[in-house]
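Asks: fold the stuff below for me.
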Amino acid sequence: MPAPQTLQEPRSPQLTTLEDIPQYQALRQAIHDDHRPSTPLHQLLADDLADAFWIRKRLSTIANQVLSQEILDTWDEVSQLYPNADSLLRTVHAWNRLHTKNGHARTQAYLAGAATRALSELRSLEPLLEREAR
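Replies: As a prediction, this is how the structure comes out:
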């Protein structure tokens, strides 16, 4: 097997200005180092794998931020209803409220669908990359 190549111009899954570009590049390089793609097709597959992982990470971050904000937004309400509320009860209450809000329900459905698609893409790429690694 040839030695892994140093990446020249990293692609990006449309990185936002708030995302850590060096962190994305490090993830991409790690995937290339692990799988050592030797053909242009395998390099594209490794890039797609890095993009799918990055997008999954982004979706997880967004979902966590939405939930955290909802916990803060419902803090007083939960404190009045349940004076001894613990973090689990606050989280469940926030999830329930997110689920019942019309706009947030659509957001959650979108995030769930996007996460499902990203995982499906990862699973479909895995056998190809494993085959290349052999």
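
Asks: show me where this structure has its helices.
Replies: 21-35, 40-73, 75-81, 87-100, 102-133 (DSSP state H).

Asks: turn the ones you listed into CSV, including mean pLDDT and mean neighbour count.
Replies: (Glycine included, C-beta is placed from N, CA and C.) Shown next, in CSV, are those (pLDDT from 0 to 100; neighbours: other Cβ atoms under 10 Å):
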stretch, mean pLDDT, mean neighbour count
helix 21-35, 92, 16
helix 40-73, 88, 16
helix 75-81, 92, 12
helix 87-100, 85, 14
helix 102-133, 69, 13
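
Asks: can you lay out these as TSV showing distance to Leu15?
Replies: Converted to TSV, the helices of the chain look like this (distance: least, Cβ to Cβ, whole Å):
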stretch	distance to Leu15
helix 21-35	6
helix 40-73	8
helix 75-81	33
helix 87-100	27
helix 102-133	16
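
Asks: minimum distance to Gln14: which of these has it?
Replies: Comparing the helices of the chain by their distance to Gln14 (Cβ to Cβ), the top pick is helix 40-73, with 9.2 Å.

Asks: taking helix 87-100 as reference, get the angle to the closest one.
Replies: Computed by axes from the mean of the first three to the mean of the last three Cα atoms, to 10 degrees, the angle separating helix 40-73 from helix 87-100 equals 110 degrees.

Asks: tell me the angle helix 40-73 makes with helix 21-35.
Replies: Using the same axes, to 10 degrees, helix 40-73 lies at 130 degrees relative to helix 21-35.

Asks: so what does helix 40-73 touch, helix or strand wise?
Replies: The contact analysis (3 or more Cβ pairs under 8 Å, 6 or more residues apart in numbering; DSSP states H and E) places helix 40-73 against helix 21-35, helix 87-100, helix 102-133.
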